[in-house]
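Peer 1: pasting the sequence and the predicted coordinates here, then a few questions.
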Amino acid sequence: MTNVLSQEEIDSLLSALQTGGEIKEVASVGIEPSPSVVKKNIKSYDFRRPDRFSKDQLRTLQMIHETFARLTSTFLSAQLRLVVQVHVASTDQLTYEEFSRSIPSPTTLGIINMEPLKGNAVLEIDPTITFVIIDRLFGGRGEALKDNRELTDIEKSVMESVIVRILSNLRESWANVIDLRPRLGNIEVNPQFAQLVPPTDMVVLITFDVKIGEAEGMMNLCVPYVTIEPIMSKLSAQYWYSGIKKVMTKETLDLVKDTLNKVELDVSVVIGSTTLKFRDINRISVGDVIRLDQSVKDNMVMKIENKDKFYCRPGRVGKKVAVQITGIIEKLSEDILELVLREVED
């Protein structure tokens, strides 16, 4: 049997349609509420700044570049012989025009080819950090300039070599997502000459806090959305954690070994030993001979940082006293070496 609406129900329905209120009486006679009167949450959307990256993708990018920051800290510390700290300050999406306006001029802008991805990225190092690096590499104490200026040709060449080494860290940090082969194109000093994409195109900006000795500054990595769009599906936390490698990469191992090779250690050789009474020591004078408990034909012990490491024999090289290593007392096992390298990396 078909239900017929009463005049009171019709008036109630018309009133609800006009005011946007809930329709209670109509539901009782089997008529569904009109979609036009269902309340919805409205979210503002700026068509000039469309969001291209989800929060999950931004978090993944931050994790990737936290690895890059740690590797860069290790490299710069070894290169500059100073304590260098690099940390990810923020990961944001914005337009390329906003990025260009936010950086000083002149500055150091490295144009990075992001092979195999299409397009370029920008690595910007602010003048404070740039001139501290240059001053330190030129033999100074690592002091920043008071007045900003453009780089000379020699200073550009120095910064090119530094950026090339930094890019190897970028490749390693992206290894779990893509075999990235970043390559430095050229260095610009004016942001107006580094227009990679149209001003309104979206980019992801990773900002790093950099502290070299007492100097502090910023470093920015700007990657256009169109460049990393083909691998957007891989920028998820699930994909990132599933792709983390269990073993240390060759690049990290080489970097740690290179850093360890520059460490200065105390080396000493034990010729022999003996036991003397105090009264005998008190009578020692120039020209006296002390008999040791070791023959000249026996192997001596070489100590590294006061630890027995090698057997050796005495001799001469030209006019200098020397020793020849004849054997190893204690060899660092591969398991211990791997553990040490992991600790250094962390």
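Peer 2: Cool, the structure landed.
Peer 1: okay, and the beta partners of Ala121?
Peer 2: As for beta bridges, Ala121 partners with Ile112 under DSSP bridges.
Peer 1: residues contacting it?
Peer 2: For Ala121, the contact set (CB atoms under 8 Å, 6 or more residues apart in numbering) comprises Ile112, Met114, Pro182, Leu196, Leu221, Cys222, Val223, Pro224, Thr227. Yep, even glycine has a C-beta here, placed from its N, CA and C like the rest.
Peer 1: just give me the least confident of the residues you listed.
Peer 2: The lowest pLDDT within the contacts of Ala121 belongs to Leu196, with 86.
Peer 1: can you classify that residue by secondary structure?
Peer 2: coil (DSSP: H, G, I helix; E, B strand; the rest coil).
Peer 1: run a quick neighbour tally on it.
Peer 2: 20 (other CB atoms under 10 Å).
Peer 1: could you measure from it over to Leu82?
Peer 2: As defined by CB to CB, to the nearest Å, Leu196 lies at a distance of 32 Å from Leu82.
Peer 1: ok, now Arg136?
Peer 2: Noted for Arg136: a distance of 7 Å to Leu82, by CB to CB.
Peer 1: and what of Asn299?
Peer 2: For Asn299, the distance to Leu82 (CB to CB) stands at 41 Å.
Peer 1: which residues are common contacts for Arg136 and Leu82?
Peer 2: Gly142, Ile212.
Peer 1: show me where the protein has strands.
Peer 2: Ranges of strands within the chain are 84-95, 108-115, 120-125, 181-188, 202-212, 215-224, 267-270, 300-304, 307-317, 320-328, based on DSSP state E.
Peer 1: Ala144: which of these is closest?
Peer 2: Each of the strands of the chain has some distance to Ala144 by CB to CB; the shortest is strand 215-224, at 5.2 Å.
Peer 1: list the contacts of the closest one.
Peer 2: For strand 215-224, contacts defined as CB under 8 Å, 6+ apart pick out 65, 86, 89, 96, 99, 103, 114, 119-129, 132, 142-144, 170, 196-197, 201-210.
Peer 1: buried ones among those?
Peer 2: Neighbour-count burial (16 or more other CB atoms under 10 Å) is assigned, among the contacts of strand 215-224, to 65, 86, 96, 99, 103, 114, 119-129, 132, 142, 144, 170, 196-197, 202-208, 210.
Peer 1: now the contacts of Ala121 as CSV including distance to Lys303?
Peer 2: Putting the contacts of Ala121 into CSV (distance: CB to CB, whole Å) gives the following:
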residue, distance to Lys303
Ile112, 47
Met114, 50
Pro182, 44
Leu196, 57
Leu221, 46
Cys222, 52
Val223, 51
Pro224, 56
Thr227, 54
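Peer 1: closest to Arg70 out of these?
Peer 2: Of the contacts of Ala121, the one sitting nearest to Arg70 (CB to CB) turns out to be Leu221, at 14.7 Å.
Peer 1: hey, what's the closest one bridged with?
Peer 2: Beta bridges link Leu221 to Leu123, Ile206 when assigned by DSSP bridges.
Peer 1: what count of nearby residues applies to it?
Peer 2: Leu221 - counted by other CB under 10 Å - has 23 other residues nearby.
Peer 1: ok, Lys156 touching Leu184?
Peer 2: No: between Lys156 and Leu184 there is no contact under CB atoms under 8 Å: 11.2 Å.
Peer 1: and the lengthiest helix in the chain, what does it pack against?
Peer 2: Secondary structure of the chain per DSSP state H: the longest helix is helix 55-80. In terms of contacts (3 or more CB pairs under 8 Å, 6 or more residues apart in numbering; DSSP states H and E), helix 55-80 is packed against strand 84-95, helix 127-137, helix 153-173, strand 202-212, helix 237-242, helix 250-261, helix 334-345.
Peer 1: can we see that at 10 Å?
Peer 2: strand 84-95, helix 127-137, helix 153-173, strand 202-212, strand 215-224, helix 237-242, helix 250-261, helix 334-345 (3 or more CB pairs under 10 Å, 6 or more residues apart in numbering; DSSP states H and E).
Peer 1: buried ones in that helix?
Peer 2: 57-61, 63-80.
Peer 1: one more: stretch 213-228?
Peer 2: For stretch 213-228, a neighbour-count test (16+ other CB under 10 Å) marks 213, 215, 217-228 as buried.
Peer 1: same deal with stretch 152-165?
Peer 2: Applying 16+ other CB under 10 Å to stretch 152-165 flags Glu155, Lys156, Val158, Met159, Val162, Ile163 as buried.
Peer 1: now it - C-alpha only, PDB.
Peer 2: C-alpha atoms of stretch 152-165 as PDB (Å, rounded to 0.1, in the frame of the first residue of the first chain):
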ATOM      1  CA  THR A 152      85.900  33.900  -7.400                       C
ATOM      2  CA  ASP A 153      86.800  31.300 -10.100                       C
ATOM      3  CA  ILE A 154      89.100  29.500  -7.700                       C
ATOM      4  CA  GLU A 155      86.500  29.500  -4.900                       C
ATOM      5  CA  LYS A 156      83.900  28.100  -7.400                       C
ATOM      6  CA  SER A 157      86.300  25.300  -8.300                       C
ATOM      7  CA  VAL A 158      86.800  24.400  -4.600                       C
ATOM      8  CA  MET A 159      83.100  24.300  -3.900                       C
ATOM      9  CA  GLU A 160      82.500  22.200  -7.000                       C
ATOM     10  CA  SER A 161      84.800  19.500  -5.600                       C
ATOM     11  CA  VAL A 162      83.000  19.700  -2.200                       C
ATOM     12  CA  ILE A 163      79.500  19.400  -3.800                       C
ATOM     13  CA  VAL A 164      80.600  16.500  -6.000                       C
ATOM     14  CA  ARG A 165      81.600  14.600  -2.800                       C
END
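Peer 1: brilliant, that's me finished.
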